Structure formats: C-alpha cells, structure tokens
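Q: Below are the sequence and a predicted model; questions follow.
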Amino acid sequence: MPKIQFYFLDRNPVLKERTRLKAFIEKLFLTEKQKLGNLSYIFCSDDHLLTINQDFLKHDFYTDIITFDLSSSKNEIEGEVYVSVDRIKENAKQLGVSFKEELHRVVFHGALHLCGYKDKKKTDQQQMTQAENKYLNIYFR
C-alpha cells in the first residue's frame with residue numbers, strides 16, 4: 001500500500017498529478033529528516049471540518065486544515081490531514097492566489113506540522129511560511 005493516500009469525502013477538488021504530489025510529499029519528509037509511515041489526506045467541506053474542530057479540538061470556527069499525528073513512536077510518522085476545500089477556495093480569493101497554489105500550500109502545511117513545525121507563535125508562523133514557500137517553489141519550478 002502506498003504511504004500517502006488521498007480521500008475525498010464531500011468535496012473532490014481538481015488535484016492533478018496525484019502520483020507526483022505523493023512522491024514529492026515523501027521527499028519533503030526525507031528532506032526534513034523524518035521517516036514517513038502512512039499519511040492520509042481527507043478532502044472535505046467547511047461543515048465537515050467544523051464538526052471535527054468542535055468535537056476534537058473544542059474550537060468553534062472554520063479552518064482550512066486539521067492535522068492529527070497518529071504516530072505510535074518517534075521513529076515513524078503516521079497521520080491524518082483533513083483539508084477544507086471550501087476554506088481553501090475562500091482563502092485563495094482573499095489572498096489573490098490561485099486555488100491550485102493555495103491547495104498545495106495547505107497540503108505541504110499539514111506535512112510540515114507532522115515534521116514538527118508549529119504555527120501558534122509569530123516566529124513559528126514565519127518558519128512555517130518559509131518552509132511552505134520553499135516547498136512550493138521546488139514543486140512548481
């Protein structure tokens with residue numbers, strides 16, 4: 001079974017070159033010196049992700065991504081990344097970027113969380129954004 005799986009609950013975004021993207025995410029983990037076990041990306045609606053946010057994190061607001069680290073050891077990363085396609089469309093519009101770019105940014109963002117990047121503090125956010133930009137530039141060059 002492949003290490004990375006894409007699932008589409010109630011949204012199915014245009015996601016071309018899925019095999020290439022999965023291979024790139026695997027390389028991202030190698031570059032970050034992390035061993036990847038299994039990783040699932042679940043693409044869904046705002047409403048679905050809001051329910052997860054409320055039930056698991058006790059947050060009552062929309063978000064573009066929620067990452068769950070399901071690793072049973074420090075040696076190998078396993079996780080689930082829930083992605084709101086609705087939120088990505090909205091954010092892309094507000095940021096003046098393409099849906100494709102914002103979708104890939106969020107996909108990389110989830111992987112980076114599992115590699116140990118944080119985004120609560122301003123300095124952490126800056127490091128996360130730098131890493132996202134680095135991988136976006138490599139992927140789209």
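A: Done, it's in.

Q: contact partners of stretch 87-94?
A: The set of residues external to stretch 87-94 that reach it, using Cβ atoms under 8 Å, 6 or more residues apart in numbering, is 13, 46, 49, 62-64, 98-99, 101-103, 106. All C-beta atoms are positioned from the backbone trio N, CA, C, and that covers glycine.

Q: Only the buried residues of that stretch, if you could.
A: By neighbour count on 16 or more other Cβ atoms under 10 Å, the buried set for stretch 87-94 is 87-89, 91-92.

Q: In this structure, mark out all the helices, start to finish.
A: 18-31, 46-57, 85-95, 99-114, 122-140 (DSSP state H).

Q: okay, the shortest one in PDB with CA atoms only?
A: Right, the one you point to is helix 85-95. Coordinates of the C-alpha atoms in helix 85-95 are reproduced here as PDB (Å, rounded to 0.1, in the frame of the first residue of the first chain):
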ATOM      1  CA  VAL A  85     -11.700  22.600   0.100                       C
ATOM      2  CA  ASP A  86     -14.300  25.400   0.700                       C
ATOM      3  CA  ARG A  87     -11.900  27.300   3.000                       C
ATOM      4  CA  ILE A  88      -9.000  26.900   0.500                       C
ATOM      5  CA  LYS A  89     -11.200  28.400  -2.200                       C
ATOM      6  CA  GLU A  90     -12.200  31.300   0.000                       C
ATOM      7  CA  ASN A  91      -8.600  31.900   1.200                       C
ATOM      8  CA  ALA A  92      -7.200  31.800  -2.300                       C
ATOM      9  CA  LYS A  93      -9.700  34.500  -3.300                       C
ATOM     10  CA  GLN A  94      -8.800  36.700  -0.300                       C
ATOM     11  CA  LEU A  95      -5.000  36.200  -0.800                       C
END
